[in-house]
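Enquirer: Prediction below, plus the sequence it came from.
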Amino acid sequence: MSSFEIHPQLQSDCIVLGQFQVSTLLLMNNASVPWFILVPRNDHFAVELTDLAFADQTQVLAEINAVAGFAKAQPYVEKLNIAALGNIVPQLHIHIVGRSTADYCWPKLVWVADTQPGYAVTALQTLRHNVSSLAGFTPVKIT
């Protein structure tokens, strides 16, 4: 990738919610758990967090904290899973997943569990509205 593009697998699995200073915020289209993904934007193909300039690493951490706080505030969230795996999608992306002992695949990993239903339109609209209140976040325009 010569300029920033979101990996096709992420485009297929996720809904773009908007942008922070460094990262694009995606929502995994799995309504069973609050599952967000941050994809740092850069001109080269970053694979690891350490591939980013240090200032961008620091900003990504602030963005992770903002999204983690939002995810943790969702109903029934008891625990967060935060990870940058990259085993299937090599582009740097950070999962922020709200978990509970009552969720569909507890205690297993959500990224290896069976596919779950996507978001209903009204639930997605509510989530988009709520996430737009995060500091430094610019939501995408809904067409």
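Expert: Arrived safely, thanks for sending.

Enquirer: What about residue 20, how many residues nearby?
Expert: When neighbours are defined as other CB atoms under 10 Å, residue 20 has 22 of them. In short, each C-beta sits where N, CA and C put it, glycine included.

Enquirer: Look up phi and psi at it.
Expert: When read as degrees, to the nearest 10, the backbone of residue 20 gives phi -100, psi -170.

Enquirer: What helices and strands are in contact with the longest helix anywhere in the chain?
Expert: What stands out as the longest helix in the chain, according to DSSP state H, is helix 54-72. Contacts defined by 3 or more CB pairs under 8 Å, 6 or more residues apart in numbering; DSSP states H and E place helix 54-72 against strand 23-28, strand 35-40, strand 79-83, strand 94-99.

Enquirer: Swap in 10 Å and give it another go.
Expert: strand 23-28, strand 35-40, strand 79-83, strand 94-99, helix 121-131 (3 or more CB pairs under 10 Å, 6 or more residues apart in numbering; DSSP states H and E).

Enquirer: Can you pull out the low-pLDDT segments for the protein?
Expert: 1-2, 142-143 (pLDDT under 70).

Enquirer: which residues does the residue nearest the centre of it bridge with?
Expert: Centroid check for the chain by CA atoms, centre = their mean gives residue 37 as the closest residue, at 1.5 Å. Taking DSSP bridges as the rule, residue 37 bridges to residue 26, residue 95.

Enquirer: can you give me the angle the longest helix of the chain makes with strand 94-99?
Expert: Interaxial angle, helix 54-72 versus strand 94-99 (axes from the mean of the first three to the mean of the last three CA atoms, to 10 degrees): 20 degrees.

Enquirer: wait, isn't residue 46 in contact with residue 7?
Expert: No: applying CB atoms under 10 Å, one finds residue 46 not in contact with residue 7, separated by 11.3 Å.

Enquirer: Need the residues touching each of those two.
Expert: 1, 39, 86, 90-93 (CB atoms under 10 Å, 6 or more residues apart in numbering).

Enquirer: Among those residues, which one has the most neighbours?
Expert: Counting neighbours by other CB under 10 Å, residue 39 leads those with 25 neighbours.

Enquirer: In this structure that residue contacts residue 17, no?
Expert: No: if you go by CB under 10 Å, residue 39 and residue 17 don't touch, sitting 11.2 Å apart.
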